[in-house]
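Engineer: Starting from these lines, generate the structure:
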Amino acid sequence: MLSLRSRLMFGVGIATTAIFVAATLALYLLAKASLIIEFDSTTLVKARAIASMAEIHRGRMRIEEVEEGQLQEFARTSHPEYFQITSDDGNVLAQSANLNGARLSYSSPVKSDLPAASDVILPDGRRGRQTVMRFSVHADDDDNNSHGPAQTAMLAVARSRGELDGMLARFRWLLALVCGAATVVLLTLTAILIRRGLRPVEVVAGSIARLGEKNLLDRLAPSNVPRELLPIVQRLNELLCRLDSAFEREKSFTADAAHELRTPLAGLEAALGVCARKPRSPEKYAEVVNDCLAVVRGMYNMIENLLTLARADAAQIQIAMVPCHIDEILENVWMQFKQRAEERAIKVTWDVSPNLVVQTDCERLIPVLVNLFDNAVRYSNQGGDLRVCACAKNSDAIVRIANSGSRVRSEDATRVFDRFWRADPARSDIGTSCGLGLSVCQKMIATLNGAISATSSEGGEFSIEIRLPV
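Structural biologist: Okay, the predicted model is just below:
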């Protein structure tokens with residue numbers, strides 16, 4: 001692929017050459033037309049001079065000056081010029097002596113009083129131009145020395161255009177040399193200017209090349225950047241900010257994942273170490289095994305959530321959108337938590353519109369609802385309230401699950417979707433929660449073309465709202 005410098009040079013070279021060629025051609029054509037007009041004007045002057053000298057004497061056309069040798073160009077044998085006078089019926093009335101009986105021809109007779117000029121081949125084979133005009137000639141009267149009635153005749157004067165062609169040829173070569181030299185000079189200057197003009201691009205490219213994962217905090221300086229490159233530099237700086245934030249999130253995520261895995265493993269090691277020190281009763285062993293089993297299940301759940309998040313980040317989750325009755329799905333999922341809610345004396349309020357259909361993937365939506373119901377029952381206060389609402393609004397279906405006894409402050413409500421974030425700084429619920437559930441819910445709802453949000457007031461109500469397309 002051509003570089004930007006090569007493309008600019010190629011484009012400028014083509015444009016420059018085309019402009020110079022067009023300008024040179026126009027200049028040449030204008031000069032040629034001007035020289036031909038001047039040439040024809042000189043020929044016309046000679047033709048009018050001959051016409052003014054012509055007269056009919058005793059029935060014969062006579063031009064005294066030519067006969068007396070005053071117009072030498074029409075009598076010489078070297079580079080001669082020619083004239084010819086003919087009547088309207090085509091008879092030759094007079095002609096220059098150097099024609100030697102030959103005739104000047106013209107394609108059509110001149111019917112108007114305006115002269116006409118055209119290119120011809122002269123009798124001696126040279127290229128020339130010929131001017132043809134009509135004029136009136138009078139016959140003299142010998143008896144009373146007066147002119148008789150006027151007659152019309154046609155006069156043709158032909159001259160060689162060798163000098164004109166030579167001048168045009170020299171002019172062509174001069175224009176070609178000037179155009180070529182100007183093109184070379186302009187392209188050289190253009191190459192220098194393009195190189196200097198693209199130097200800021202090379203500076204920016206060098207600055208980008210020096211960036212790495214260890215210096216993502218560095219930014220490209222926009223102070224000496226041309227205005228055309230300023231948007232690129234700004235977008236690159238924004239990209240660096242996003243990359244830096246992404247790297248920080250990945251580092252934090254890795255550290256949190258390591259911490260979350262290390263804590264239950266440390267608990268397992270401690271429990272098994274205590275059991276290994278001395279024999280214990282079967283009941284004690286069974287109690288430790290059950291505790292270890294709960295920890296292992298929590299770790300398994302966390303690993304599953306991590307895999308789900310990784311697949312969602314890589315857009316590897318396949319979905320099949322079909323119409324689903326959201327009221328039936330909510331009822332079926334709630335049956336898994338109904339007994340736990342009754343054990344904690346939680347009062348459940350159910351406000352779900354019947355026959356509410358959404359366009360979604362049921363298999364992906366059900367784990368989200370399981371997670372939300374599990375959180376609502378787990379974090380609701382003893383004897384608290386739990387509300388489940390679902391209704392249609394405009395083109396969306398809104399599902400809201402809220403529980404009392406919130407431990408999340410209102411300003412931290414948006415953080416509940418952060419990975420490994422917990423409202424409890426002491427993380428006293430390790431083993432039962434890994435802090436990834438709502439992150440998985442957010443990713444999954446986004447995959448289902450929906451939206452999820454949270455609101456909370458500490459000591460009040462925590463609410464999760466889901467919007468799905470109807």
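Engineer: mind listing the strands for the chain?
Structural biologist: 54-57, 60-63, 82-86, 92-95, 116-121, 127-141, 146-160, 322-325, 347-352, 357-360, 385-393, 396-404, 451-456, 461-469 (DSSP state E).
Engineer: Okay, now the unreliable bits of the stretch 51-200 of the chain?
Structural biologist: Applying pLDDT under 70 to the stretch 51-200 of the chain picks out residues 58-59, 64-71, 107-112, 139-150.
Engineer: hmm, back to that, which one, of the strands of the chain, ends up nearest to Gly212?
Structural biologist: Closest approach to Gly212 among these is made by strand 451-456 (36.2 Å; C-beta to C-beta). For glycine as for every other residue, the C-beta is placed from the backbone atoms N, C-alpha and C.
Engineer: Centre of the chain to that closest one, how far?
Structural biologist: In terms of C-alpha atoms, centre = their mean, to the nearest Å, the centre of strand 451-456 is set 39 Å apart from its chain centre.
Engineer: try stretch 81-96
Structural biologist: The answer for stretch 81-96 is 72 Å, by C-alpha atoms, centre = their mean.
Engineer: ok, and what's touching it?
Structural biologist: The contact list for stretch 81-96, computed with C-beta atoms under 8 Å, 6 or more residues apart in numbering, reads 46-47, 50, 54, 61-63, 66, 73-75, 80, 98-99, 103-104, 109, 122-123, 137, 151-160.
Engineer: quick one on the thing from earlier: closest one to Ala258 among the strands of the chain?
Structural biologist: strand 451-456 (26.7 Å).
Engineer: partners of the closest one, with directions?
Structural biologist: Here strand 451-456 has these sheet partners by DSSP bridges: strand 461-469 (antiparallel).
Engineer: what mean pLDDT does the strand it pairs with have?
Structural biologist: Model confidence over strand 461-469, given as mean pLDDT, is 90.
Engineer: Save the strands of the chain as TSV, and put in mean neighbour count and distance to Ala270 too.
Structural biologist: Output for the strands of the chain, formatted as TSV (neighbours: other C-beta atoms under 10 Å; distance: least, C-beta to C-beta, whole Å):
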stretch	mean neighbour count	distance to Ala270
strand 54-57	17	137
strand 60-63	17	138
strand 82-86	24	128
strand 92-95	18	134
strand 116-121	16	114
strand 127-141	18	115
strand 146-160	17	120
strand 322-325	14	46
strand 347-352	13	38
strand 357-360	20	44
strand 385-393	17	35
strand 396-404	21	33
strand 451-456	18	34
strand 461-469	20	33
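Engineer: export the ones you listed to a markdown table and tack on distance to Ser223?
Structural biologist: Below are those laid out as a markdown table (distance: least, C-beta to C-beta, whole Å):
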| stretch | distance to Ser223 |
| --- | --- |
| strand 54-57 | 87 |
| strand 60-63 | 87 |
| strand 82-86 | 80 |
| strand 92-95 | 86 |
| strand 116-121 | 68 |
| strand 127-141 | 69 |
| strand 146-160 | 72 |
| strand 322-325 | 56 |
| strand 347-352 | 60 |
| strand 357-360 | 51 |
| strand 385-393 | 51 |
| strand 396-404 | 48 |
| strand 451-456 | 41 |
| strand 461-469 | 45 |
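Engineer: Looking at these, which is nearest to Ile232?
Structural biologist: Proximity to Ile232 (C-beta to C-beta) singles out strand 451-456 among these, at 32.8 Å.
Engineer: can you give me the angle the closest one makes with strand 396-404?
Structural biologist: Strand 451-456 runs at 30 degrees relative to strand 396-404, counting by axes from the mean of the first three to the mean of the last three C-alpha atoms, to 10 degrees.
Engineer: Residues contacting strand 451-456, please?
Structural biologist: Residues from elsewhere that reach strand 451-456 (C-beta under 8 Å, 6+ apart): 406, 408-410, 412-414, 416-417, 438, 441-442, 445-446, 462-467.
Engineer: Buried only: go through those residues for me.
Structural biologist: Buried residues within the contacts of strand 451-456, counting neighbours by 16 or more other C-beta atoms under 10 Å: 406, 408, 413, 416-417, 438, 441-442, 445, 462-464, 466-467.
Engineer: ok, Asn381 - contacts?
Structural biologist: Residues in contact with Asn381, defined by C-beta under 8 Å, 6+ apart, are 404-405.
Engineer: got the buried residues for stretch 272-279?
Structural biologist: Using 16+ other C-beta under 10 Å as the test for burial, stretch 272-279 gives Cys275.
Engineer: With just CA atoms, put that stretch into PDB.
Structural biologist: These are the backbone C-alpha positions of stretch 272-279, laid out as PDB (Å, rounded to 0.1, in the frame of the first residue of the first chain):
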ATOM      1  CA  LEU A 272      -8.700 -29.700  57.100                       C
ATOM      2  CA  GLY A 273      -5.600 -28.900  59.200                       C
ATOM      3  CA  VAL A 274      -7.600 -28.900  62.400                       C
ATOM      4  CA  CYS A 275      -9.200 -32.200  61.500                       C
ATOM      5  CA  ALA A 276      -5.800 -33.700  60.800                       C
ATOM      6  CA  ARG A 277      -4.200 -32.800  64.100                       C
ATOM      7  CA  LYS A 278      -6.200 -35.300  66.200                       C
ATOM      8  CA  PRO A 279      -9.000 -37.800  65.900                       C
END
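Engineer: so how far is that stretch off the chain centroid?
Structural biologist: Distance, stretch centre to chain centre, for stretch 272-279: 71 Å (C-alpha atoms, centre = their mean).
Engineer: do stretch 390-400 as well
Structural biologist: With C-alpha atoms, centre = their mean, you get 41 Å for stretch 390-400.
Engineer: ok, residues contacting it?
Structural biologist: 326-327, 330, 351-353, 356-358, 369, 387-389, 463-470.
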